[in-house]
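A.B. asks: Everything below, folded, please.
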Amino acid sequence: MDIETKKLVDKYKKKLEAEIAGDSDSSREYQNFKVEFKQKLPSKYEKLAMWVGSKVQPKVPKKKKDELQESIDFAKLVITPEDVIATSYVVPMGLIIIGMVISVVLFGSMFMAMFSFMFGVAFIVILGYYPHFLANNERMAASNQMVLCIFYIVTYMRHTSNLERGVTFAAAHLSPPLSEDMKKVLWDVQTNKFENVKMSLDNYLKKWSKYNKEFVESFNLVQSSLLENNEERRIGMLEKSLDNILEQTYEKMLHFAQGLKGPITLLHMMGIILPILGMVMLPMMVSFMEGVKWWHIAIIYNIGFPMFVFIFGKKILGSRPSGYGAAEQGSETERQNLTFKLGPKEFSINPIPLCVVIGVFVGLVALIPVAADAFIQCEAVDKVVVCTDIDMGFGLKFFGYRASAGDDTTIIGPFGLGASLLSGAVPLAFALSIGLFYYIRSKKVLEIRERVKKLEEEFTTALFQFGNRLGDGIPAEIAFEKAAEQMKGTTSGQFFQLVNVNIRQLGMGIDQALFDPKRGAVLSYPSAFVQSSMKILAESIKKGPTIAANAILNISRYIKEIKKVNERLKDLMAEIIADMKNQISFLTPAIASIVIAITAMISSILGELGNKLKNVSLDDSGGGGVGGNVSGILSLFGDGIPTYYFQIVIGTYVFQIVYLLTIISNSIENGNDTLQEEYLLGNNLIRSTILYVVASSVLIILFSVIAGTIVNRIK
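C.D. replies: Got it, this is the predicted structure:
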């Protein structure tokens, strides 16, 4: 490509990207196209990998190269295995060098230098595995729609034995990424890459033979039905294909549930219980060890442990088999704004600024004890440095600034009870801002989904009754009216009544009454099941009411079978999901609040004990007497770390663990359901963090009073 051509391509590429990124009052279809197009643009990771790969091209062993290429193809990345390997070494090595130089030169900390090295080594593994991670996410998202894919194709091909039209019907009603795969199958035929749909499908199914054999087998059964001359055997073959994927999905999920107990228990113990209980030992460790700072603990607890939980959790999810139906996610436009009414008008605003303001305001409250350091005045009274403070009774101070054990001129803190309580605002700021954002983003769409679910629960019975009316030889126009009267007062009855009104009063045909862009009944019921069922009705009614009745009755039966499998799978996962929900909602915040309260008590006792020993040493400073012995004991005590910082570290860790466990539990239960994930994140982050902050505040006050009483008895 010459320079002028490249400039022209870049110019229009930037212009197109700018138009795609911009907002417009365009149709819903165009908005969906914008989202799909943006997803296909090179990601930041791909751009980084391409840039590094243009500078360095390492030699990759054939086996590893084939594995990476398979994952790259699955994840639809525009990079090569050489780019991946180059990025996985060059970027981490750069981080190691920069991190170690900054740690040694600027901070003089060997601990941070070692952590930079370990983090870089871990990053080599993470970046090297990243394409596999993306491919696994793509497989999970597609697998959750495979039952529906077979359902749509089988349902359509019962009345029209045409594979190409069946695949087209499935592509129109599925969600990405499987809908894109089906469209690609059709596109390869239209562009003459393959002679027919069967050849294109066979080529596509090769990549699933290793990961989802039941999907491949069911598609083979569908294709085999085309060779059957006997209508009854053809229908039986189609039904067997759907039964096959339902049964094998259940069996694979059964084995997954049986093997999940051990890994989840290990994740709970290694990622939650042991780290939190280890906090009890930290006050004593840092009091008797010099050089240990609060940010050392933060690096371990807020970076190291969450990284372990994330990686181990993703490993667990990597073994999850295909799902059993993907829920509607809602468009990005519907999910990003906060809507409210002011008088007759409805307003819509982006929730991000609101959430940021709330988070910053609450976070600033936590900085009050740190900011108070500039206003605290300290002076020596009888050789003891005393700082001005607010007395809270029981010998407890609000800010708790005091002189360092090693140097009276250095003031350290805040060790006070008030400072410890205010530090709870840090995790609260994270929870309220991020949790509120997810809650606002998902609440409206989830309410729509719940209404749709209610309709779908009724719709199975409604279809059965409607199919029976058609089976009696009644024309579809009259059958809608009869079904509306019979199901009056229900959501399904309202749907049939809306169709009936369009036919009777507006003179529409069945197809127009259902799918008219302005008055179509399906517009008020955004359900894939409802829309696909009515689409099949509109197609099959052309062949007569008997064929339409059989199609509708079989849709009703298929939906019942899918729901039956769903309920059985939920029963399998119920115990594990309940345990994880208990960890998220109660156990983790409760254990953490108890531990931080014990930490506050130990820190308070050790700090006050050090001060009293210091006073004894000053009063009796004889070289070989009591003062000398006390000075020897006093040398064992360091300054310690204020509970204020412990609370920030452990509170942030609770927030991180709740966040990660929510994602893991939702992925286990619902697969790649991002809308449900966002809703659960919004609820769990806010509730669990508030529970932790409230419980820890009450327990810190109680344990601090106990510590103050104990210390006051020591003369």
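
A.B. asks: Domain parsing of the protein, as residue ranges.
C.D. replies: According to the domain assignment given by automatic domain parsing, the chain is divided into the following structural domains: 1-20+29-38, 42-143, 146-258, 262-327+419-444+568-712.

A.B. asks: Is it possible to get JSON lines of those that adds mean pLDDT and distance to residue 538?
C.D. replies: The way it works is simple: take the backbone N, C-alpha and C, and place the C-beta from them, glycine included. Compiled in JSON lines, those are given as follows (pLDDT from 0 to 100; distance: least, Cβ to Cβ, whole Å):
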{"stretch": "domain 1-20+29-38", "mean pLDDT": "59", "distance to residue 538": "20"}
{"stretch": "domain 42-143", "mean pLDDT": "87", "distance to residue 538": "28"}
{"stretch": "domain 146-258", "mean pLDDT": "88", "distance to residue 538": "11"}
{"stretch": "domain 262-327+419-444+568-712", "mean pLDDT": "79", "distance to residue 538": "23"}
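
A.B. asks: among those domains, which is nearest residue 453?
C.D. replies: Checking the domains of the chain against residue 453 by Cβ to Cβ gives domain 262-327+419-444+568-712 as the closest, at 8.5 Å.

A.B. asks: so where do the strands sit in the chain?
C.D. replies: Under the criterion DSSP state E, the chain contains strands at 338-342, 345-349, 378-381, 384-387, 402-403, 411-412.

A.B. asks: Distance to residue 492 and mean neighbour count for the domains of the chain - can I get that in CSV?
C.D. replies: Formatted as CSV, the domains of the chain follow (distance: least, Cβ to Cβ, whole Å; neighbours: other Cβ atoms under 10 Å):
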stretch, distance to residue 492, mean neighbour count
domain 1-20+29-38, 27, 11
domain 42-143, 30, 17
domain 146-258, 19, 18
domain 262-327+419-444+568-712, 20, 19
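
A.B. asks: right, and those domains - which one's nearest residue 359?
C.D. replies: Judged by Cβ to Cβ, the one of the domains of the chain that comes nearest to residue 359 is domain 262-327+419-444+568-712, at 2.9 Å.

A.B. asks: gap between the closest one and the chain center?
C.D. replies: Its chain's C-alpha centre and that of domain 262-327+419-444+568-712 lie 21 Å apart, by Cα atoms, centre = their mean, to the nearest Å.

A.B. asks: Then stretch 391-399?
C.D. replies: On the basis of Cα atoms, centre = their mean, stretch 391-399 sits 43 Å off its chain's mean C-alpha point.

A.B. asks: Quick one: end-to-end distance for that stretch.
C.D. replies: 9 Å (Cα to Cα, to the nearest Å).

A.B. asks: Can you list the neighbours in contact with that stretch?
C.D. replies: Taking contacts as Cβ atoms under 8 Å, 6 or more residues apart in numbering, the residues outside stretch 391-399 that touch it are 369, 372, 376, 387, 389-390, 413-419, 608, 704-705, 708-709, 711-712.

A.B. asks: repeat for stretch 185-199
C.D. replies: Outside stretch 185-199, the residues touching it (Cβ under 8 Å, 6+ apart) are 163, 164, 167, 168, 171, 200, 201, 203, 204, 223.

A.B. asks: Just flag the most distant two among these.
C.D. replies: Once Cβ to Cβ is applied, the contacts of stretch 185-199 give 168 and 203 as the farthest pair, at 17.6 Å.

A.B. asks: For the stretch 201-350 of the chain, which segments count as helices?
C.D. replies: Shown for the stretch 201-350 of the chain, the helices assigned by DSSP state H, counting those that start in this stretch span residues 213-225, 231-258, 261-268, 274-278, 282-288, 294-299, 305-318, 332-336.

A.B. asks: Check which helices and strands the second one is in contact with.
C.D. replies: Under the contact criterion of 3 or more Cβ pairs under 8 Å, 6 or more residues apart in numbering; DSSP states H and E, helix 231-258 touches helix 146-159, helix 213-225, helix 545-582.
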